[in-house]
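Trainee: Predicted coordinates and the sequence they were generated for:
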Amino acid sequence: MPFPTRPSATALRRGFTLVELLVVIAIISLIVALIAISIPQVQRQSRSVQCLSNQRQLNVGFTQYYGDNSGRFMGVDTGLTQWDWVQGQGNLNGNGFETINALKRGRMWSYIGQNEAVYKSPFDPFSSFQRLRTYSFNAFISTGEGPMWGGPPNWQVNTMGRIPVPSKTIVTSLEYDHRGYNINGFGISVTGNGIWVDKIAAWHPGRWNFSMADGSVFTYEHAAKQKDVDYYMTLPQNDVFWPGPDYEWLRRAMVPGMFQ
């Protein structure tokens with residue numbers, strides 16, 4: 001019986017064919033492309049989770065203060081009253097930015113563990129700008145400026161009992177104020193004229209993050225195209241005219257009891 005022959009040295013040294021190499025390269029290219037596509041999505045999702053967590057903490061502090069102060073909300077402006085959540089140090093004619101002392105002297109500071117990171121969204125692209133705070137409170141609750149933007153006369157909601165549907169009422173949002181920092185609360189005209197007095201930050205593609213009066217957090221997918229949001233929400237002025245379904249939804253979610 002003949003013995004099996006050993007493969008030759010030439011056969012042992014045989015490498016990949018050109019077709020095999022092309023298939024391997026194609027597979028590697030596909031994997032790299034999939035990774036490149038998924039990484040930004042994962043990063044945005046991670047930032048969104050952190051942003052919602054920050055707003056939840058601010059909301060918890062808002063509620064705890066309410067419980068510690070005979071059922072009265074802290075102020076949602078930035079230094080107009082002594083019980084405001086932030087004591088702003090800049091203004092339209094001042095230096096145009098906040099310092100850490102503006103946060104420390106506000107009523108929120110002790111309720112969030114004296115952690116300044118909670119005030120700033122990970123979506124804020126202005127890392128080199130002296131912006132310590134990204135979030136604002138709904139100006140139609142507590143002692144906000146809502147009445148000047150079409151709210152009922154002397155409108156003040158100082159108790160949770162005056163918010164008919166807390167799960168549908170906004171408490172915090174990301175705000176972009178072109179003046180350097182977010183001055184006072186966030187608000188739009190609620191008369192139906194399509195005027196945005198202040199602007200929601202356009203940094204989360206396709207979405208806006210909010211916290212609601214019942215303590216929940218909510219991601220709203222806006223109907224407008226991102227290019228339009230980028231344009232209108234970064235205009236260097238207040239009182240931006242921009243009607244549409246997003247404006248209609250927002251004005252109903254901002255004023256407790258007016259539309260619900």
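Mentor: Sure thing, it's come through. Just so we're clear, the structure is a prediction, and the values are computed from it rather than from any experiment.
Trainee: hey, let's count contacts and neighbours off CA atoms from now on
Mentor: Will do.
Trainee: Starting from D214, give me the distance back to the nearest residue to I183 once chain neighbours are set aside.
Mentor: Excluding the flanking residues, the one nearest I183 by CA to CA, 6 or more residues apart in numbering is T78, at 6.3 Å. Per CA to CA, to the nearest Å, T78 is found 23 Å from D214.
Trainee: Looking at the two, which one has more neighbours?
Mentor: The neighbour comparison of T78 against D214 (other CA atoms under 10 Å) goes to T78, with 26 against 18.
Trainee: Mind checking which residue lies nearest the centre of this structure?
Mentor: The chain has L174 as the residue nearest its centroid, 3.8 Å off, counting by CA atoms, centre = their mean.
Trainee: So which residues of this structure form helices?
Mentor: 9-12, 18-68, 100-104, 226-232, 245-254 (DSSP state H).
Trainee: of those, which approaches T159 most closely?
Mentor: Taking CA to CA, helix 18-68 is the member of these nearest to T159, at 8.1 Å.
Trainee: Off-centre distance for that closest one?
Mentor: The chain centroid and the centroid of helix 18-68 are separated by 15 Å under CA atoms, centre = their mean, to the nearest Å.
Trainee: picking up where we left off before, could you list everything the residue nearest to the centre of the chain pairs with in the sheet?
Mentor: On the basis of DSSP bridges, L174 is bridged to Y135.
Trainee: That one and T134 touch, don't they?
Mentor: Yes - in this structure L174 lies within contact range of T134 using CA atoms under 8 Å: 5.8 Å.
Trainee: which neighbours do those two share?
Mentor: Taking CA atoms under 8 Å, 6 or more residues apart in numbering as the criterion, L174 and T134 both touch S121.
Trainee: Pull up the gap between I188 and V197, please.
Mentor: The gap separating I188 from V197 is 5 Å, by CA to CA.
Trainee: Now do the shared contacts for these two.
Mentor: Common neighbours of I188 and V197 (CA under 8 Å, 6+ apart) are W149.
Trainee: For G79, give me its contacts.
Mentor: Counting by CA under 8 Å, 6+ apart, G79 touches 86-89, 184.
Trainee: quick revisit: any chance of the helices of the chain in TSV, with distance to M74 and mean neighbour count too?
Mentor: Below are the helices of the chain laid out as TSV (distance: least, CA to CA, whole Å; neighbours: other CA atoms under 10 Å):
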stretch	distance to M74	mean neighbour count
helix 9-12	79	8
helix 18-68	7	15
helix 100-104	14	17
helix 226-232	31	15
helix 245-254	17	18
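Trainee: With that, I have no additional questions.
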